[in-house]
Structure formats: structure tokens, C-alpha cells
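In: No sequence on hand, only this structure:
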């Protein structure tokens with residue numbers, strides 16, 4: 001069964017992520033494009049550094065070409081935001097990235113993008129799933145890659161320079177050039193190295209890189225930037241006196257930041273830093289959009305500046321849609337993905353890193369100083385996260401308990417309301433909250449709790465974990 005979650009279709013290589021399934025997805029997308037009469041604009045296809053990514057991208061290209069759809073094939077391993085940027089500028093109706101983003105190395109996957117360079121909405125992915133269910137192997141139309149290329153059905157492109165030039169136009173390059181920052185980058189064996197180096201060196205930063213080689217096992221680590229996975233980056237930032245350490249996930253749509261003291265900056269704080277910076281120091285205006293599992297510190301910042309914070313379900317497609325609806329200034333999530341108004345309609349860890357560097361240079365304050373400024377004005381918001389793997393039987397039990405019987409633990413803090421929009425989220429009268437939801441990309445149940453102290457967040461989380469017996 002091929003099912004699309006919050007971040008596309010992801011599956012274990014050799015299990016479900018196999019050629020027969022990959023070309024089924026490709027044929028379904030091609031059929032959808034023909035039904036919508038948008039084949040003339042072509043299909044943009046890119047891929048990351050995972051095992052089987054380039055082969056899968058070529059298989060998809062062969063199916064598109066076999067259906068008479070011209071393909072713009074990005075012929076180098078590319079960050080997902082670069083692919084989305086090209087879809088936006090090329091004005092294609094559809095694009096595909098072969099990536100499993102931050103998932104473990106044994107996974108790969110497919111992300112579908114739509115016009116404007118945005119994540120495909122749920123109605124699109126559901127439509128693809130329905131078409132897949134109706135297909136057989138005899139329905140697959142394909143042309144061998146080199147033949148399709150010779151016929152002009154596949155065009156190999158490299159939009160790297162256009163992407164970097166666009167990012168440079170969005171940043172205050174002169175402010176960055178004056179500061180001569182020393183920056184350490186950790187691509188986590190993913191695809192961000194060239195883009196981050198090009199962007200930051202163009203702004204006259206001194207840039208060093210670790211974990212840059214091509215390693216489909218990601219060095220044995222999860223390619224997701226966190227306090228645990230960025231420990232070497234943190235140690236080297238302190239040891240070699242860098243101004244900032246920048247880590248990105250496997251396809252570079254998310255980032256993790258290490259400050260000048262070697263401390264990991266939680267993605268919640270990255271969102272808060274950038275929104276606060278754009279409002280207070282740049283003088284920009286506009287609401288903020290966050291998902292249901294992201295810090296309410298953003299709500300406090302928005303209120304202070306006379307703006308609104310909008311809450312949406314998990315999945316960046318919901319964030320980008322709400323940003324369009326409300327003309328929001330910035331949108332993001334607690335997993336480290338964000339974008340701002342005027343840029344692509346999806347996550348861009350490379351641009352977010354550049355904007356943080358700009359913030360340091362414009363304000364003259366390091367990250368720790370900026371965070372202190374925010375916490376002094378708005379107080380502490382402490383979030384704890386817990387992931388628990390489950391069997392199918394456990395998932396059914398928890399689903400029945402939470403969403404059918406709608407049972408919850410008895411909390412020590414008074415509850416103001418409960419939402420079942422995405423998982424179950426309990427809002428407390430003191431401003432804290434806790435959410436339990438199933439991951440849309442892995443077999444995990446995720447618990448997030450935010451309170452004013454770590455002790456309160458820990459106690460609240462433990463009540464939920466004990467209640468669910470996970």
C-alpha cells in the first residue's frame with residue numbers, strides 16, 4: 001500500500017520502496033497531469049543523496065517521458081528547497097523530489113510539489129493514491145532514459161545559481177560582509193554543503209564544513225539536526241571559536257543551530273528569534289503561522305506587536321496555505337522547517353540559516369544574547385518531546401483510547417479546552433499545553449508538552465506517557 005503522509009510517501013528501501021512501486025507513483029502523477037491538461041508545462045524532478053535516489057529519479061523520468069510529458073531533470077543531487085524554487089520560477093504545475101528528508105537511512109521516498117513550488121495538498125495526494133489503486137503493471141508507459149533524452153523529452157538542468165542568487169537578494173549582504181563571521185557547517189552527509197558554502201562565502205563569511213562526504217548511511221546517525229546528532233558540531237564551535245554552527249537534515253529543508261557557546265538552539269527558539277527579529281529590527285509586519293505542535297511563544301510575540309498567530313495541523317502544506325490566506329510574515333514548525341513571505345511556499349533550511357546569520361550581523365548580538373532578550377520580555381516557554389515506536393496492535397489500542405473513547409489522563413493543571421484537529425491537544429488555563437499525535441512519516445507516536453518550567457513539562461508528559469502505556 002502506497003500512502004502519502006505529512007511529508008510525502010516514505011518507505012523502507014527494498015521493502016516498499018522498490019522500482020515497481022516507484023513507477024506506479026510516477027504513472028499516477030503522469031495520469032493526473034494528463035487529466036488536468038497540464039502536461040505542456042512539464043514535470044520537474046530532483047533527488048537527494050540517499051541510496052537509490054538517482055535511480056528512482058530516472059525511473060520516474062522515464063515514465064513521465066513515456067506518457068509524453070517533458071521532464072526538467074535536475075542532474076545533480078539537490079536540496080529540496082532548490083527543487084521547489086525551480087518549480088516556482090519555471091511555473092510548472094507539478095514537481096517531484098526523491099527524498100525521505102530526515103528519516104533513517106533505510107528509508108527513501110517521494111515528495112510531490114504543485115504550482116508555485118508548494119507541498120501537494122491532501123486532495124492531490126489522495127487523488128494520486130486512488131489512481132495508484134486502479135493501476136496495473138500493464139498501465140505503465142515508459143521510455144528508456146537516454147532515448148527520451150535524445151528525443152528531447154528529458155532535459156537535464158542545473159538551477160543552482162538561480163537559487164543562490166535569489167537567496168542573496170533576500171538577505172542584507174552588506175551587513176553580513178561587514179562582520180566577517182566564522183561559521184561551521186554540518187550538512188549531516190546530506191545535500192546542503194554546496195548551497196550553504198556558496199551563500200555564506202558570497203557574503204564574505206569564513207566557512208568550514210564537517211560531515212560533507214557522500215555517505216548513504218549518514219555516518220550511522222539519524223539525518224535530523226538535534227542536540228544529540230549535532231554534538232560534534234557543538235564541540236567544534238566552542239573549540240575553534242566559531243560564531244555559529246549550522247546543521248541541516250538530509251534534504252536541507254530543516255535546520256539545527258548551535259550558538260557561539262556550543263548550546264543547541266531549539267527550532268522553536270529559531271522561529272521565535274526570526275519572527276522577533278523581522279518585527280522589531282527590520283520593522284516588517286504580518287501574522288505568524290505555526291503548526292499545532294510548535295511553541296506558543298510565537299503567540300506572545302505576535303500579540304506584543306499587534307499581530308496574530310495562526311495554528312494549523314502538522315504538515316507544511318497547511319502552513320503555506322494559511323500564510324497565503326493571511327499574508328503571514330513567517331511560518332514554521334518545531335521540527336526546524338520555516339519560510340518567510342515572498343520566498344518559496346515550503347521549508348528552506350538554507351535560507352533560514354542565512355537569515356539567522358543576517359540577524360547576528362544586523363543586531364550585533366549573538367544568538368544567546370538575542371534569546372536572553374526575548375526571554376526577559378516574554379518569559380520562559382519550555383517544551384519537551386517524546387517519541388515512542390509502536391506495533392499495529394498498539395496503534396489500534398491507543399487510537400481507540402484517545403480518539404474513539406476520547407479518554408485522557410487527569411492532569412494537575414486546569415484544562416481550558418481540548419482539540420482533536422490533529423491528534424489530541426490539551427490546552428491548560430495557565431497557557432501550557434500537551435499534544436499526542438501519530439507521526440505522518442514514521443511509525444511513532446509523538447508527545448509534545450510546553451509549560452513555563454521544565455519540571456511542569458516533564459510531569460505533564462509523564463502523565464500522558466503512563467496513561468497511554470507507551
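Out: Looks like it came in fine. Here the structure is a predicted model, which means the values were calculated and not measured.

In: where exactly do the helices run in the stretch 51-200 of the chain?
Out: Remark: helices assigned in the stretch 51-200 of the chain by DSSP state H, counting those that start in this stretch are 53-66, 80-90, 122-134, 145-150, 160-170, 173-179, 193-202.

In: What residues sit buried inside the fourth one?
Out: Going by neighbour count (16 or more other Cβ atoms under 10 Å), the buried part of helix 145-150 is 145, 148-149. Any C-beta I mention is one placed from the backbone N, CA and C, and that applies to glycine too.

In: Specify which member of those is nearest to residue 75.
Out: Among the buried residues of helix 145-150, residue 149 lies closest to residue 75 (Cβ to Cβ), at 10.3 Å.

In: Once you drop chain neighbours, what's closest to that closest one?
Out: Nearest in space to residue 149, with sequence neighbours left out and distances taken as Cβ to Cβ, 6 or more residues apart in numbering, is residue 156 at 7.2 Å.

In: Let me know how buried the nearest residue to residue 42 once chain neighbours are set aside is, in neighbour terms.
Out: Closest residue to residue 42 apart from its sequence neighbours, by Cβ to Cβ, 6+ apart: residue 70 at 4.0 Å. Neighbouring residues of residue 70 were enumerated by other Cβ atoms under 10 Å; the total is 18.

In: Residue 281 now?
Out: 14.

In: Might you list the low-confidence residue ranges for the stretch 151-300 of the chain?
Out: By pLDDT under 70, the stretch 151-300 of the chain has no low-scoring segment.

In: Quick check: mean pLDDT of stretch 82-94?
Out: Mean pLDDT, computed over stretch 82-94, is 94.

In: unless I'm mixing things up, the residue nearest to residue 149 is touching residue 76, no?
Out: No: using Cβ atoms under 8 Å, residue 156 makes no contact with residue 76, being 9.3 Å away.

In: between the two, which one's more packed in?
Out: A count of neighbours by other Cβ under 10 Å puts residue 76 above the other of residue 156 and residue 76, at 15 against 12.

In: and the residue nearest to residue 42, what is it in contact with?
Out: 39-40, 42-43, 64, 152-155 (Cβ atoms under 8 Å, 6 or more residues apart in numbering).

In: Now the closest residue to residue 278 other than its chain neighbours: which helix or strand?
Out: In space, and not counting its chain neighbours, residue 278 is closest to residue 284: 4.6 Å by Cβ to Cβ, 6+ apart. Following DSSP states H and E, one finds residue 284 outside all helices and strands.

In: neighbours around residue 308, how many?
Out: By other Cβ under 10 Å, 13 other residues sit near residue 308.

In: Pull the residues that contact stretch 226-242.
Out: Contacting residues not belonging to stretch 226-242 are listed as 182-184, 186, 188, 208, 210-211, 221-223, 244-245, 247, 256, 258-264 [Cβ under 8 Å, 6+ apart].

In: Show me what the residue nearest to residue 149 is bridged to.
Out: On the basis of DSSP bridges, residue 156 is bridged to residue 73.

In: quick one: it and residue 42, what's the gap?
Out: According to Cβ to Cβ, to the nearest Å, residue 156 and residue 42 sit 13 Å apart.

In: How about residue 213?
Out: For residue 213, the distance to residue 42 equals 33 Å [Cβ to Cβ].

In: swap in residue 170?
Out: As defined by Cβ to Cβ, residue 170 lies at a distance of 26 Å from residue 42.

In: which of the two has more neighbours?
Out: A direct count of neighbours by other Cβ under 10 Å for residue 170 and residue 42 places residue 42 higher, at 22 against 14.

In: measure that one to residue 91 for me?
Out: Here the criterion is Cβ to Cβ. By it, residue 42 lies 10 Å from residue 91.

In: Residue 8 contacts residue 112, doesn't it?
Out: Yes: at 6.5 Å, residue 8 counts as touching residue 112 under the criterion of Cβ under 8 Å.

In: Spit out the residues that contact those two alike.
Out: With Cβ under 8 Å, 6+ apart, residue 8 and residue 112 have common neighbours 119, 125.

In: how near is residue 360 to residue 12?
Out: Using Cβ to Cβ, one gets 40 Å for the distance from residue 360 to residue 12.

In: and what of residue 130?
Out: According to Cβ to Cβ, residue 130 stands 24 Å off from residue 12.

In: Just after the longest helix seen in the chain, pick out the following helix or strand.
Out: The longest helix of the chain (DSSP state H) is helix 19-35. Downstream of helix 19-35, the next assigned helix or strand under DSSP H and E is strand 43-47.

In: who does that next one touch, helix- and strand-wise?
Out: helix 19-35, helix 53-66, strand 71-74, helix 80-90, strand 94-98 (3 or more Cβ pairs under 8 Å, 6 or more residues apart in numbering; DSSP states H and E).

In: can you pull the buried residues of stretch 115-126?
Out: So, applying 16+ other Cβ under 10 Å, buried residues of stretch 115-126: 116-121, 124-125.

In: quick one on the thing from earlier: tell me the most buried of the helices and strands packed on strand 43-47?
Out: Compared across the helices and strands packed on strand 43-47, strand 94-98 shows the largest average neighbour count, a mean of 27 (mean count of other Cβ atoms under 10 Å).

In: Please enumerate the helices of the stretch 351-470 of the chain.
Out: 367-378, 392-399, 454-468.

In: CSV please, covering these and showing mean neighbour count and mean pLDDT.
Out: As requested, the helices of the stretch 351-470 of the chain are exported to CSV (neighbours: other Cβ atoms under 10 Å; pLDDT from 0 to 100):
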stretch, mean neighbour count, mean pLDDT
helix 367-378, 16, 95
helix 392-399, 13, 92
helix 454-468, 17, 96
